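# Here is a sequence together with a model predicted from it:
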Amino acid sequence: MTADEQRLLDRLLAGEQRAFAELVQTCQGAMRAVAYAIVGERGADEVVQDAWLAAVRGLAGFQRRSSLKTWLLTITANTAKTRYRQDRREVLLDDLPAPHGSIDDARFASDGHWLLAPSAWHEDSPEALLSQEQLRECLEHTLLSLSQLQSSVLLLRERQGLELVEICNLLDLSLSNVRVLLHRARLKVFATLEHFEDTGQC
Amino acid sequence: MLTCKQLVACSSDYLDGQLTLGERLMTRQHLLFCRNCRRFIKQLRLAQATLKALPPAPVEGAEALAARLAAERRATR
Ligand SMILES: [Zn+2]
């Protein structure tokens, strides 16, 4: 736990509303992703609400060994799992078609070399890419097309910066499943960016 | 020697540090000689960074939630 977090925790313990607002801003997105991965769209918001309340009630007993975020995510996962444990064996294999496809077999010759090599993108920074409003929308569209678990794992890894093993533990997934989910999701995002850079449209 | 297709298949694991030492060396060796795959990895990293840079969705009702949580905390003290 960092010194900043220690101070935040003290303010939370004192019941300072501003401190809770900060915590909500930094953790709600990740909590929502964890809840969504386990219970799906319906119920995710309720799980997050319940997790917040459980967290506040347990705040005094929080061990300062882990980060607040890790602790909150564990509570969220547990809340979600007690509420509703879905049979995810089929869901896990879901690989829904993405708007711009993926980097699939069609891109390679039979000898394994590129048939259609990646094209050079016009922009080489995230800021330049995201300054194009249409591309932002296009990206959101692709993210929405991902399966429940693909999008959750991608979000938790790329946006929330969780370690793969943390994702495995929170979502009760094997490491190899997390790796596959992440890889498929990344290739779809890649395909969307490539398509946009090639054609200038979504 | 890895093929380009194999390199792409293990590209996420490469970025996440999930490859064994041997696999990592084979990947690096391929990248040394293959311009297309270098570009692919570079742009895959850019795609990662772009996702990270997407503005976060605003949290709806954040203030109300914070108020409720703070009140709850003060009540249980
Ligand atoms: Zn190659």
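Structure received. Residues are numbered from 1 along each chain as shown, chains lettered A, B, ... in the order given.

# Count the residues that sit near the residue in chain A positioned nearest to chain B.
Here chain A gets closest to chain B at one residue, residue A:112, 2.6 Å apart by C-beta to the nearest C-beta. For every residue, glycine as well, the C-beta is placed using N, CA and C. Residue A:112 has 16 neighbours, counted by other C-beta atoms under 10 Å in any protein chain shown.

# can you tell if the least confident helix or strand in chain B by mean pLDDT touches chain A?
Among the secondary structure pieces of chain B, namely its helices and strands, helix B:62-76 has the lowest mean (mean pLDDT, DSSP states H and E), a mean of 95. Yes. Between helix B:62-76 and chain A, judged by C-beta under 8 Å from any C-beta of the partner chain, the touching residues are B:62-63, B:65-67, B:69-74, B:76.

# and residue A:110, how many residues sit next to it?
Considering only other C-beta under 10 Å, residue A:110 is surrounded by 8 other residues.

# quick one: it is in a helix?
No. The assignment for residue A:110 by DSSP: H, G, I helix; E, B strand; the rest coil gives coil, which leaves it out of any helix.

# Look up how far the ion lies from it.
For residue A:110, the distance to the ion equals 15 Å [C-beta to the ion, to the nearest Å].

# And that residue, its phi and psi?
phi -70, psi -20 (degrees, to the nearest 10).

# give me the number of residues near the nearest residue to the residue of chain A closest to chain B once chain neighbours are set aside?
Closest residue to residue A:112 apart from its sequence neighbours, by C-beta to C-beta, 6 or more residues apart in numbering or on different chains: residue B:3 at 2.6 Å. Residues near residue B:3, counting by other C-beta under 10 Å, number 17.

# where does chain B come near the ion, residue by residue?
Along chain B, the residues adjacent to the ion under the rule C-beta under 5 Å from the ion are B:4, B:34, B:37.

# Isn't residue A:39 up against residue A:80?
Yes. Between residue A:39 and residue A:80 there is a contact under C-beta atoms under 8 Å: 5.0 Å.

# Can you name every helix or strand that the strand or helix carrying residue A:56 contacts?
Take DSSP states H and E as the rule and residue A:56 turns out to sit in helix A:41-58. Helices and strands in packing contact with helix A:41-58 are listed as helix A:17-39, helix A:68-83, helix B:62-76; criterion 3 or more C-beta pairs under 8 Å, 6 or more residues apart in numbering or on different chains; DSSP states H and E.

# do that again at 10 Å, thanks
Counting contacts by 3 or more C-beta pairs under 10 Å, 6 or more residues apart in numbering or on different chains; DSSP states H and E, the secondary-structure elements packed against helix A:41-58 are helix A:17-39, helix A:68-83, helix A:148-154, helix B:62-76.

# Does the first one reach chain B?
Yes. Using C-beta under 10 Å from any C-beta of the partner chain, a contact is recorded between helix A:17-39 and chain B, made by A:17-29, A:32.

# any idea how far that helix is from the chain center?
From the chain centre to the centre of helix A:17-39 is a distance of 12 Å (C-alpha atoms, centre = their mean, to the nearest Å).

# got the angle for that helix vs helix A:68-83?
Computed by axes from the mean of the first three to the mean of the last three C-alpha atoms, to 10 degrees, the angle separating helix A:17-39 from helix A:68-83 equals 40 degrees.

# what mean pLDDT does helix A:17-39 have?
Per-residue confidence for helix A:17-39 averages out to 95 on the pLDDT scale.
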